[in-house]
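Q: Pasting the sequence and the predicted coordinates here, then a few questions.
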There are 2 protein chains.
Amino acid sequence: MSVSRAMRGVEGVSAATRARILHAADTLRYSPSSVAGALATANSSLVGVSVPTLQDSVFSDIFSAMRSTFERNKMQTVFDTTEYDNEREEAFVERMLAWRGAGIVLAGGHHTPRTRRLLRRANISVLEIWSWSTDPIELCVGIDHEESGYAMGRRLVEMGYRRPSYIGPQPGFDRRAEQRCRGFTRAFEEQGLSLVRQEWVTGKHSFAGGRIGMANMLDKHGPAFDLVYFLNDHMAFGGLEECRARRIDVPGQLGLAAFNGLQINDVLHQPITTSSSPRAEIGEQGARMLIGAIKGVAQPQSVKLEPVIMMGETTKPQW
Amino acid sequence: MSVSRAMRGVEGVSAATRARILHAADTLRYSPSSVAGALATANSSLVGVSVPTLQDSVFSDIFSAMRSTFERNKMQTVFDTTEYDNEREEAFVERMLAWRGAGIVLAGGHHTPRTRRLLRRANISVLEIWSWSTDPIELCVGIDHEESGYAMGRRLVEMGYRRPSYIGPQPGFDRRAEQRCRGFTRAFEEQGLSLVRQEWVTGKHSFAGGRIGMANMLDKHGPAFDLVYFLNDHMAFGGLEECRARRIDVPGQLGLAAFNGLQINDVLHQPITTSSSPRAEIGEQGARMLIGAIKGVAQPQSVKLEPVIMMGETTKPQW
DNA sequence: TTGAATAACGTTAGCGCTAACGTAAAATTC
DNA sequence: GAATTTTACGTTAGCGCTAACGTTATTCAA
């Protein structure tokens, strides 16, 4: 027991004994076993983090912000990506429960019924991020994607855009993207207008997807639309480059808008009109809340953060 | 023991008994404990992965590629970033050893002596990625950064560039970037030329760093250089945007070159001259090698992959 | 029918640790 | 100096699992 106390830095060992123990541990090449420790104490300092993908820098931004907080609290991060598949999320939850993790972080929104059931009755703190929800499993920090899309739609309606279109991933893939698109569309529908055209881009969201989606849309529907709303800034940038290649004047002939406020936008000589999402804030505050909950401190249940619309030079008033 | 066998899917239980056990487990809400399992068997199916940062998409690309292989082999990934600090890497190694991980992945290159010592005498498979090395701790898959920088330097020397400069992070921060810069410089020194100027950008590598670095360099040394070699494509793009803002003709007045072949380069109407690094390949092959080593299959010790130079439109022959 | 082989299932011990409690010595109090 | 408190350290049991081996039932060959 003195060894156990000394190694953990718990009081109840004299300085002399502690020194002898540490010295012996060193010469014997003793390595304490967190596995046995976790079994004995029935809690494990492992935190599971599951995000849809790391290819989208949204999640690496959030994850990066969380990690430092976990590290300060000596929590180990067990990581997984779902690739937008709820079954994989469920499997991850089971594995984390088997490891008796202290907490788990999931992308907010939709989960399998079994995932919710397992988490509710397990002794594990649950944080949902990115999507804000009124009915979180336990804790939630995120934004209201529908509202964010709507806010952007409103601004563009007011600027005089009348024939909006959308480029994003195929339906059923990224639910949050769909929420934004729905909100965006609603803003136009309130004015009796509707989406002129949607283009689905399969594969990873990215620069290339935006450029290809833009090309497809232009090929099929030349001048039918005056505005394109993209999944995110990188896609929009891809689209913008396609427009440049075709000598389409943005924002003269066509407006482009996006979502996220990614780093690239800080350096563009023609910045993209976008909503800046508080990714670092989500990560930091979420991690703090989760750690708090693990330590038994009462936490706010659901925190909604606000994206900020940043008017760039890919849109302009239409009158 | 029948329960143990049934839950693990090991043979030695009749189908009927197995079904009864699984049913009972479900109604009793039994959740097997990987912690106890790991203690009993003395191995844990946890793989530690440590990369310098997730802000640089190089590491998220490599990491993404590794993850799916780990998942297929039912290994859990424990993740950490070092923020380019070897002490943090050492601490991570200790934590993974305490968890009796089956394998560990580190960014290749420099480690603390204690890190090497701990890993050599521990029963854990070690893979170093990104930097190729002739003296790996155990396994290694990566590229020769010095050589890659040299190859790019040679090409640009041949194109007639004579006054090269470099923009990257401060010295002592990213050793691999320094290796590339050293190789790049060597190619010019062989011709009796040398780096006209270096600019250090603090903080995260990124678009903004490139733009700021470019601005600083232009402010201080107007027309003293004919070429800038950047840490990576994103920085180079930032620099390119700064040039555009200042109406500096690239590649007419100034050449820009970079490293990595990141996604953005696929959509640029003016692609950046760069070396494309085989990130997905490093991740996939590395993960396969590590899994193989864990399973006791003999593996090649050190695998060197080759970046491919992609001539873009930010450089052109100088004659 | 009998002995041997096989399949199905059970018992035991121990993985390395720590909570809880016990004991002895030193420090403090009155 | 005896009684009390404090500090330092030890003993015991048990966390939940599985390797190894033991037992019983079943199958099959001779």
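A: Sure thing, it's come through. Owing to the predicted nature of the structure, the values given are computational and were not obtained by experimental measurement.
Q: Any stretches of the stretch 1-150 of chain A with poor pLDDT?
A: Of all residues in the stretch 1-150 of chain A, none has pLDDT under 70.
Q: Show me which residues of it are close to DNA strand D?
A: With the criterion set to CB under 7 Å from any atom of the strand, the stretch 1-150 of chain A comes near DNA strand D through A:1-2, A:11-14, A:16-18, A:36, A:39-40, A:42. Yep, even glycine has a C-beta here, placed from its N, CA and C like the rest.
Q: Just put those residues in a markdown table and tack on secondary structure and neighbour count.
A: Formatted as a markdown table, those follow (DSSP: H, G, I helix; E, B strand; the rest coil; neighbours: other CB atoms under 10 Å in any protein chain shown):
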| residue | secondary structure | neighbour count |
| --- | --- | --- |
| A:Met1 | coil | 8 |
| A:Ser2 | helix | 13 |
| A:Glu11 | coil | 7 |
| A:Gly12 | coil | 11 |
| A:Val13 | coil | 20 |
| A:Ser14 | coil | 10 |
| A:Ala16 | helix | 8 |
| A:Thr17 | helix | 14 |
| A:Arg18 | helix | 18 |
| A:Ala36 | helix | 15 |
| A:Leu39 | helix | 18 |
| A:Ala40 | helix | 12 |
| A:Ala42 | coil | 10 |
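Q: Relative to A:Glu199, which of the residues you listed is nearest.
A: If you rank these by distance to A:Glu199 using CB to CB, A:Ala42 comes first, at 52.0 Å.
Q: list the buried ones in the one helix or strand A:Ala177 maps to?
A: Element membership of A:Ala177 [criterion: DSSP states H and E] is helix A:175-189. For helix A:175-189, the neighbour count (16 or more other CB atoms under 10 Å in any protein chain shown) marks A:Arg175, A:Arg176, A:Ala177, A:Glu178, A:Gln179, A:Arg180, A:Cys181, A:Gly183, A:Phe184, A:Thr185, A:Ala187, A:Phe188 as buried.
Q: avg pLDDT for it?
A: Helix A:175-189 carries an average pLDDT of 96.
Q: got a list of contacts for it?
A: Helix A:175-189 has contacts (CB atoms under 8 Å, 6 or more residues apart in numbering or on different chains) with A:109-110, A:130-131, A:145-154, A:156-157, A:164, A:166, A:168-169, A:171, A:194-195, A:198, A:229, A:231, A:259.
Q: what about it, distance to the chain center?
A: With CA atoms, centre = their mean, to the nearest Å as the basis, helix A:175-189 stands 18 Å off its chain's centre.
Q: again with stretch A:74-90
A: A distance of 12 Å separates the centroid of the chain from that of stretch A:74-90, by CA atoms, centre = their mean.
Q: can you check stretch A:158-167 too?
A: From the chain centre to the centre of stretch A:158-167 is a distance of 26 Å (CA atoms, centre = their mean).
Q: before we move on, what about stretch A:18-27?
A: When distances are taken as CA atoms, centre = their mean, stretch A:18-27 is centred 45 Å away from the chain's centroid.
Q: swap in stretch A:102-120?
A: 15 Å.
Q: For that stretch, list every residue counted as buried.
A: Neighbour counts using 16+ other CB under 10 Å place A:Ala102, A:Gly103, A:Ile104, A:Val105, A:Leu106, A:Ala107, A:Gly108, A:Gly109, A:His111, A:Thr115, A:Leu118, A:Leu119 of stretch A:102-120 among the buried residues.
Q: any idea how far DNA strand C is from A:Arg95?
A: A:Arg95 sits 20 Å away from DNA strand C when distances are taken as CB to the nearest atom of the strand, to the nearest Å.
Q: Am I right that that residue sits in a helix?
A: Yes. Assigned with DSSP: H, G, I helix; E, B strand; the rest coil, A:Arg95 falls within a helix.
Q: Got phi/psi on the nearest residue to it once chain neighbours are set aside?
A: Counting by CB to CB, 6 or more residues apart in numbering or on different chains, A:Arg95 lies nearest to B:Gln76, which is 6.1 Å off, once chain neighbours are set aside. Reported as degrees, to the nearest 10, the phi and psi values for B:Gln76 are phi -90, psi 140.
Q: cool, and A:Glu313?
A: Per degrees, to the nearest 10, the backbone of A:Glu313 is at phi -120, psi 30.
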